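A.B. asks: 3D, please:
(chains A, B and C)
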Amino acid sequence: MFSAQTVIRDLKNIRQQAPLVHNITNFVVMNLTANALLSIGASPVMAHAVEEVEEMVGLASALVINIGTLSRHWVEAMDKAVRAAEKKRIPVVLDPVGAGATSFRTNTARHLLDTGPVAIIRGNGSEILALVDSGARTKGVDSLQGPEAAVEAGRELSLRYGCAVSISGPADIIIRNGETIRIENGHPLMPRVTGLGCTASALTGAFAAVNSDTLEAAAGAMAVMGICGELAAEQARGPASFELHFLDWLHLVGEKEIKERLRTGA
Amino acid sequence: MFSAQTVIRDLKNIRQQAPLVHNITNFVVMNLTANALLSIGASPVMAHAVEEVEEMVGLASALVINIGTLSRHWVEAMDKAVRAAEKKRIPVVLDPVGAGATSFRTNTARHLLDTGPVAIIRGNGSEILALVDSGARTKGVDSLQGPEAAVEAGRELSLRYGCAVSISGPADIIIRNGETIRIENGHPLMPRVTGLGCTASALTGAFAAVNSDTLEAAAGAMAVMGICGELAAEQARGPASFELHFLDWLHLVGEKEIKERLRTGA
Amino acid sequence: MFSAQTVIRDLKNIRQQAPLVHNITNFVVMNLTANALLSIGASPVMAHAVEEVEEMVGLASALVINIGTLSRHWVEAMDKAVRAAEKKRIPVVLDPVGAGATSFRTNTARHLLDTGPVAIIRGNGSEILALVDSGARTKGVDSLQGPEAAVEAGRELSLRYGCAVSISGPADIIIRNGETIRIENGHPLMPRVTGLGCTASALTGAFAAVNSDTLEAAAGAMAVMGICGELAAEQARGPASFELHFLDWLHLVGEKEIKERLRTGA
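C.D. replies: Numbers count the residues shown, from 1 in each chain, chains lettered A, B, ... in the order given. Have a look, this model is predicted:
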């Protein structure tokens, strides 16, 4: 049963074990992603060369694949990395950034799912919809859909690929087979900072590295995101000071804040 | 007639329409560029793969091409993106980062202008000079020339390519054919933050997305840059706190600040 | 004899000459690296295309090669850049990010050393060990070893390649032949910010651009890093506010702070 105690336990384990999270991610967010993982207590590494991804996955406790700023050579590296993750039995988190915006992104995301295994898909409403419905469209990388509109698509993806699906938005909805967790935390400034969705995926990798229950891991990451977002917003004047306080709070957040603030539903 | 009202109107339209600005830009500034566009209220997307640039341009309201950290494959994508922008009749902003530093950059910038159409060129004095004078040299990506030294070159580029030319510096000079606007806002800390020139180009794209008058759009972007720079400097202790407050002010700046602070000339 | 006066003099020269430091570095840290160099008063440029690296090196006063997020094409550009630096007789700083994590990184770092000349190697304990001992391993890009464990390896590298070796950690140890300088400054929050090791390498390039004594240059850079880290920590709540204050302090730090705080040993 998912609760504040689940999140507190996983967070403690991340800080004690400092799991290595291997990211193949986009150029826009690499720095933020690494800093978010360091702030929460994990150990990030970024590597995308076909010459080294398999070896790097061999050191890692989770693999996060993010398809923003994609190009062809990177897809080859993603494939190799996923194969290595499968062999090493570490969880793979897929962030289908901009699926629906171009067929290159939609097709790459579907290809990665088809060749899998992917443990957790983490995307916004538009992206999750685009993975099942070729007619769905996004506006670049921002969502045109709240997470509620993508619940059916999420359920379908979960069943088809045997994975958890984490749909972010004003509330976050995490689905696995028939189960659902809603995380009601967060703040409207969050989509005003680039890459906070990508950050959510990276933190999902950190939680999946210490908790093999993918539904709990995905929900725990979104809970910490949302709670740190609320705490940051209390001190922010705009998106940049929000981002700074958010990262500081990933480092500072603990039992007290999680117990007081976590709002879940189903 | 360019005035505070022009800037206020365009800014309001950016915030209401959240135009998608497609950036093909350099690795150093991708994160800052995306955050600056989000802060001002636009919707940024970064995509450079030849497989998807045309489709992404099809969703966009402006295209910003920035040649920093260039490599050969990117030039191919830039060409495709410019063709798609021409077809869709959306404005193209070109930032010739480091033109004059290497012949690869100078030649790429000239190639993009020759194959155009480019609506607005936004560069520093050295870069604008290098586009017309092969003997002109820059020191890496920092300008050795104030904007005044590049006015003649800017005028020549404007006539040759039928575009507006926005030259940044202690004062910014925007030229289109016989017309000139000077923006006297700004702060000496601005060149101490990497990528604020690139940010100016991205914001120029956002203004061009909502105002088809390229002279006004280019001047409006530089006005907001300069005003937010002044506001940020009042709270900054150094370049990093300056950058944070600058980004916050892009989110906060409104009618009051623009009316009180805009200083223009001709 | 290395002292506070050495650091103060070199820092003054960096601010007066604003040497152009050419970086071929990884995607994660490009923005931070450029901002750190700007904050301290140097002029950064990032360029990695084989078409332009030689020409860009021709403008530079130091070359910094960092092998994080490596791929094959970049190695070709690194080779060309090192050849151009040798011809122009400017110092080359090598940061072997993640050496020991994958054979691609270890081999590339060794290849660059073998073809050299490299003036200064700047790495953490695990990376320095991996350059001499193929059995040494790192966990991704974070060090599993304090600098003390790598002193023998550092001495061997210094003798073999005729370079200075700067090993960062809780204390920093800089070695050249029989000489050693210890810098005892710094703060535990520093490894919680991504890319501060890479920043140290870039600043080492700036110091090497104004001081041909590689031992002094490497030590001066680590001294400023450590002192600004201590000053930043006094104002920080977490890793992100630490990074902001650190960058501000690179801009603000001067004679007073260096005299008061520098702690060296041998």
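A.B. asks: mind listing what A:Gly197 touches?
C.D. replies: A:95, A:97, A:122-124, A:168 (C-beta atoms under 8 Å, 6 or more residues apart in numbering or on different chains). No exception for glycine: its C-beta is placed from N, CA and C like everyone else's.
A.B. asks: Using the three-state scheme, assign it.
C.D. replies: helix (DSSP: H, G, I helix; E, B strand; the rest coil).
A.B. asks: Residue numbers of chain A in contact with chain B?
C.D. replies: Contact residues (C-beta under 8 Å from any C-beta of the partner chain) of chain A with chain B: A:26-29, A:31-32, A:68-72, A:98, A:101-105, A:139-142, A:191-195, A:236-241, A:243-244.
A.B. asks: what about burial for those, which qualify?
C.D. replies: Burial by neighbour count, 16 or more other C-beta atoms under 10 Å in any protein chain shown: within those this picks out A:26-29, A:31-32, A:68-71, A:98, A:101-102, A:104-105, A:139-142, A:191-195, A:236, A:238-241, A:243-244.
A.B. asks: Nearest residue to the residue most central in space within chain A in space, please, no chain neighbours.
C.D. replies: For chain A, the residue sitting closest to the mean C-alpha position, by C-alpha atoms, centre = their mean, is A:Ser201 at 1.5 Å. The shortest distance from A:Ser201 to any non-neighbouring residue, by C-beta to C-beta, 6 or more residues apart in numbering or on different chains, is to A:Asp95 (3.8 Å).
A.B. asks: ok, the one you found to chain B distance?
C.D. replies: Counting by C-beta to the nearest C-beta, to the nearest Å, the gap from A:Asp95 to chain B is 15 Å.
A.B. asks: so what's the closest residue to chain B within chain A closest to, chain neighbours aside?
C.D. replies: Residue of chain A nearest chain B, by C-beta to the nearest C-beta: A:Gly238 (3.0 Å). Of all residues not flanking A:Gly238 in the chain, B:Asp248 sits nearest, at 3.0 Å (C-beta to C-beta, 6+ apart).
A.B. asks: Contact partners for the one you found?
C.D. replies: A:236-241, B:39, B:232.
A.B. asks: Give me the phi and psi for A:Thr69.
C.D. replies: phi 40, psi 50 (degrees, to the nearest 10).
A.B. asks: Quick one, grab the pLDDT at it.
C.D. replies: Per-residue pLDDT puts A:Thr69 at 86.
A.B. asks: check contacts around it.
C.D. replies: Contacts for A:Thr69 (C-beta under 8 Å, 6+ apart) come out as A:26-28, B:30, B:46-49.
A.B. asks: How about A:Ala42: what's its closest non-neighbour residue?
C.D. replies: A:Ala206 (4.1 Å).
A.B. asks: okay, now that neighbour: neighbour count?
C.D. replies: 33 (other C-beta atoms under 10 Å in any protein chain shown).
A.B. asks: need the contact list for it.
C.D. replies: By C-beta under 8 Å, 6+ apart, the contact set of A:Ala206 is A:14, A:19, A:21, A:37, A:40, A:42, A:62, A:221.
A.B. asks: got it, and A:Leu11?
C.D. replies: A:40-41, A:220, A:224, A:253-254, A:258.
A.B. asks: gap between it and A:Gly98?
C.D. replies: Separation of A:Leu11 from A:Gly98 (C-beta to C-beta, to the nearest Å): 30 Å.
A.B. asks: Among the contacts of A:Thr69, which ones are in helices?
C.D. replies: Using DSSP state H, the members of the contacts of A:Thr69 that fall in helices are B:Met30.
A.B. asks: The contacts of A:Thr69: which ones sit near chain C?
C.D. replies: Restricting these to those near chain C - C-beta under 8 Å from any C-beta - leaves A:Phe27.
A.B. asks: Give me the pLDDT for A:Ala266.
C.D. replies: A:Ala266 is assigned a predicted lDDT (pLDDT) of 71.
A.B. asks: A:Thr180 is in contact with that one, correct?
C.D. replies: Yes - taking contacts as C-beta atoms under 8 Å, A:Ala266 lies within contact range of A:Thr180: 5.4 Å.
A.B. asks: And the two? Which one has more around it.
C.D. replies: More crowded of A:Ala266 and A:Thr180, by other C-beta under 10 Å: A:Thr180, with 18 against 8.
A.B. asks: Most proximal residue of chain A with respect to chain C?
C.D. replies: For chain A, C-beta to the nearest C-beta, closest residue to chain C: A:Asp248, 3.0 Å.
A.B. asks: quick one: that residue is in a helix?
C.D. replies: Yes - under three-state DSSP, A:Asp248 sits within a helix.
A.B. asks: how much space is there between it and C:Leu244?
C.D. replies: Distance from A:Asp248 to C:Leu244, by C-beta to C-beta: 10 Å.
A.B. asks: Same list (the contacts of B:Asp248) but as CSV, adding pLDDT.
C.D. replies: Below are the contacts of B:Asp248 laid out as CSV (pLDDT from 0 to 100):
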residue, pLDDT
A:Ala236, 98
A:Arg237, 97
A:Gly238, 98
A:Pro239, 98
A:Ala240, 98
A:Ser241, 98
B:Ser39, 98
B:Ala232, 98
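A.B. asks: Now distance to C:Ile173 and secondary structure too, for these, in JSON lines please.
C.D. replies: JSON lines is the format used below for those (distance: C-beta to C-beta, whole Å; DSSP: H, G, I helix; E, B strand; the rest coil):
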{"residue": "A:Ala236", "distance to C:Ile173": "40", "secondary structure": "coil"}
{"residue": "A:Arg237", "distance to C:Ile173": "42", "secondary structure": "coil"}
{"residue": "A:Gly238", "distance to C:Ile173": "42", "secondary structure": "coil"}
{"residue": "A:Pro239", "distance to C:Ile173": "41", "secondary structure": "helix"}
{"residue": "A:Ala240", "distance to C:Ile173": "37", "secondary structure": "helix"}
{"residue": "A:Ser241", "distance to C:Ile173": "38", "secondary structure": "helix"}
{"residue": "B:Ser39", "distance to C:Ile173": "43", "secondary structure": "helix"}
{"residue": "B:Ala232", "distance to C:Ile173": "39", "secondary structure": "helix"}
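A.B. asks: related to what we said a few turns ago, pull the number of nearby residues for the residue nearest to A:Ser201.
C.D. replies: When neighbours are counted by other C-beta under 10 Å, A:Asp95 registers 31.
A.B. asks: And it, how close does it get to A:His187?
C.D. replies: Counting by C-beta to C-beta, the gap from A:Asp95 to A:His187 is 21 Å.
A.B. asks: Poorly predicted segments of the stretch 101-250 of chain A, please.
C.D. replies: In the predicted model, the stretch 101-250 of chain A carries pLDDT under 70 at residues A:136-141.
A.B. asks: same thing but at 80, please
C.D. replies: For the stretch 101-250 of chain A, the stretches flagged by pLDDT under 80 are A:134-145.
A.B. asks: For it, list the residues in contact with chain C, please.
C.D. replies: When proximity is defined by C-beta under 8 Å from any C-beta, the stretch 101-250 of chain A lies next to chain C at A:243-250.
A.B. asks: mind putting those residues in CSV, distance to C:Glu76 included?
C.D. replies: As requested, these are exported to CSV (distance: C-beta to C-beta, whole Å):
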residue, distance to C:Glu76
A:Glu243, 36
A:Leu244, 38
A:His245, 42
A:Phe246, 39
A:Leu247, 36
A:Asp248, 40
A:Trp249, 43
A:Leu250, 38
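A.B. asks: farthest pair in the contacts of A:Gly197?
C.D. replies: For these, the farthest-apart pair by C-beta to C-beta is A:Val97 and A:Ser168; their separation is 11.8 Å.
A.B. asks: who touches both of these two?
C.D. replies: With C-beta under 8 Å, 6+ apart as the test, A:Val97 and A:Ser168 both reach A:123, A:197.
A.B. asks: Next, give phi and psi for the closest residue to A:Thr25 other than its chain neighbours.
C.D. replies: Nearest non-adjacent residue to A:Thr25, counting by C-beta to C-beta, 6+ apart: A:Asn66, 3.9 Å away. Backbone torsions for A:Asn66, taken as degrees, to the nearest 10, come to phi -130, psi 120.
A.B. asks: A:Asn66: neighbour count?
C.D. replies: Neighbours of A:Asn66 (other C-beta under 10 Å): 27.
A.B. asks: repeat for A:Thr115
C.D. replies: Going by other C-beta under 10 Å, the residues that sit close to A:Thr115 add up to 13.
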